[in-house]
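Undergrad: sequence? don't have it. structure:
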Ligand code: ATP
Ligand code: LTN
């Protein structure tokens, strides 16, 4: 049997951004060759930011469409929507009873997100968000979780919970997952504020490269990326965050190493680099964008893929949940189970 990979994204925007693609999706597609892969659109997680109902529906489908357009193959991988598999919410409850208050309170993403809206604007779901994420992962006996750098701490919590379950309920209760974070592309930065991560729900649309955006707008954003007042094209995250980010993106899509690019651009100007990065990005994203729009325009075909994915996911998830419910001592609903 192949090892299992699980990962997911929230439907929090009409379009994914280049960081989602380079930090995670590229790995999802690659890992299909060697792993038994399951990829989710985590709509229950997205409820923590109070989305408009119709917008949430549209974004859930658009997110799945972009997975498929980027190369996730529904013939080989399970692609599904989290709320279609009720075991996610059920396991999250069980895991919440294994999570310490202090432990949950240390999650930096919660602290950042709740600081932005203030205590009165935040909700308990945002606080328990990483527990639902651990449920997503542990339900599928996941070995490997490909994510960007910002998810490292959440992954640690998933591992701690898995180890705790195994200690309290017996070895082999759940699989302890490993994070799969590829250093070079683990954090793509905002084009306007290159010390902040690029984010799909960012307030600075000029700093984001959206996969479904008009190519002209993508090129414009890249050409107006913030750089420094120096003129030398070099990789240095501290003093040349903007240029380094462009080099990272360029290298990931073009195949040349950052060192090679630095050598190739010796003596050239920032403007020259930006034009070339814009070309590479647009060329790369155009077929993905077109394929995603095709999927979005045939929602019946897309929903059929998601229904099939949910049925397959549920078979696995329900077996895990039964095992856990039994180990913690819950009486089964049907006699003899
Ligand atoms: P939001 O703004 O709603 O938090 P996001 O753009 O940060 O959205 P997520 O849905 O949180 O995206 O992340 C989906 C996946 O993409 C995760 O694996 C995450 O680590 C990865 N990812 C997100 N942003 C980046 C980035 N800038 N660089 C690398 N990976 C990223
Ligand atoms: N929290 C993740 C999305 C997510 C996820 C998961 C990622 C929810 N459940 C399980 C990997 C595995 C994020 O990217 N914001």
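TA: Good, I have the coordinates. Bear in mind that the values here come from a model prediction, so they are computed numbers and not experimental data. Residues are numbered from 1 along each chain as shown. Ligands and ions are numbered 1, 2, ... in the order given.
Undergrad: now do the contacts for residue 148.
TA: Contact analysis of residue 148 by CB atoms under 8 Å, 6 or more residues apart in numbering lists 19-20, 23-24, 181, 186-188, 197. Placement of C-beta: from N, CA and C, glycine included.
Undergrad: please apply the same query to residue 254.
TA: Residues near residue 254 by CB under 8 Å, 6+ apart: 261, 280.
Undergrad: ok, now residue 301?
TA: residue 295.
Undergrad: okay, and it sits in which element?
TA: Assessed by DSSP states H and E, residue 301 sits inside helix 299-328.
Undergrad: stretch 11-31 near ligand 1 at all?
TA: Yes. Counting by CB under 6 Å from any ligand atom, contacts between stretch 11-31 and ligand 1 involve 12, 17, 19-20, 23-24.
Undergrad: what's the closest of those to residue 45?
TA: residue 12 (8.4 Å; CB to CB).
Undergrad: am I right that that closest one sits in a strand?
TA: No. Looking at residue 12 with DSSP: H, G, I helix; E, B strand; the rest coil, it is coil, so not inside a strand.
Undergrad: pLDDT score for residue 293?
TA: pLDDT, residue 293: 98.
Undergrad: ligand 2 versus residue 20, what's the distance?
TA: Distance of residue 20 to ligand 2, computed by CB to the nearest ligand atom, to the nearest Å: 8 Å.
Undergrad: in what helix or strand does residue 7 lie?
TA: Using DSSP H and E, residue 7 maps to strand 4-9.
Undergrad: so what's the gap between the very next helix or strand once past that strand and the chain middle?
TA: Once the chain leaves strand 4-9, the next helix or strand it forms, by DSSP H and E, is helix 18-20. Relative to its chain's centre, helix 18-20 lies at 9 Å (CA atoms, centre = their mean, to the nearest Å).
Undergrad: give me the helix or strand of the protein that scores worst on average pLDDT.
TA: Ranked by mean pLDDT, DSSP states H and E, the weakest helix or strand in the chain is helix 108-117, scoring a mean of 85.
Undergrad: that older thread, could the contacts of residue 148 go into a markdown table alongside neighbour count and pLDDT?
TA: As requested, these are exported to a markdown table (neighbours: other CB atoms under 10 Å; pLDDT from 0 to 100):
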| residue | neighbour count | pLDDT |
| --- | --- | --- |
| 19 | 26 | 98 |
| 20 | 24 | 98 |
| 23 | 26 | 97 |
| 24 | 26 | 98 |
| 181 | 20 | 98 |
| 186 | 20 | 98 |
| 187 | 19 | 98 |
| 188 | 25 | 98 |
| 197 | 18 | 95 |
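Undergrad: tell me the residues of the stretch 151-300 of the chain that contact ligand 2?
TA: Within the stretch 151-300 of the chain, the positions lying close to ligand 2 (CB under 6 Å from any ligand atom) are 151, 154.
Undergrad: got the phi and psi for the residue of the stretch 151-300 of the chain found nearest ligand 2?
TA: Closest residue of the stretch 151-300 of the chain to ligand 2, CB to the nearest ligand atom: residue 151 (5.3 Å). Dihedral pair for residue 151: phi -100, psi 0, per degrees, to the nearest 10.
Undergrad: what's the angle from the helix holding residue 301 to strand 4-9?
TA: Relative orientation of helix 299-328 and strand 4-9, computed by axes from the mean of the first three to the mean of the last three CA atoms, to 10 degrees: 120 degrees.
Undergrad: mind listing what's buried in helix 299-328?
TA: 302, 305-306, 309-310, 312-314, 316-317, 320-321, 324-325 (16 or more other CB atoms under 10 Å).
Undergrad: ditto for stretch 113-123
TA: Residues of stretch 113-123 classed as buried: 113-114, 122 (neighbour count, 16+ other CB under 10 Å).
Undergrad: nearest to ligand 2 among those residues?
TA: Among the buried residues of stretch 113-123, residue 113 lies closest to ligand 2 (CB to the nearest ligand atom), at 10.3 Å.
Undergrad: alright, I will stop here.
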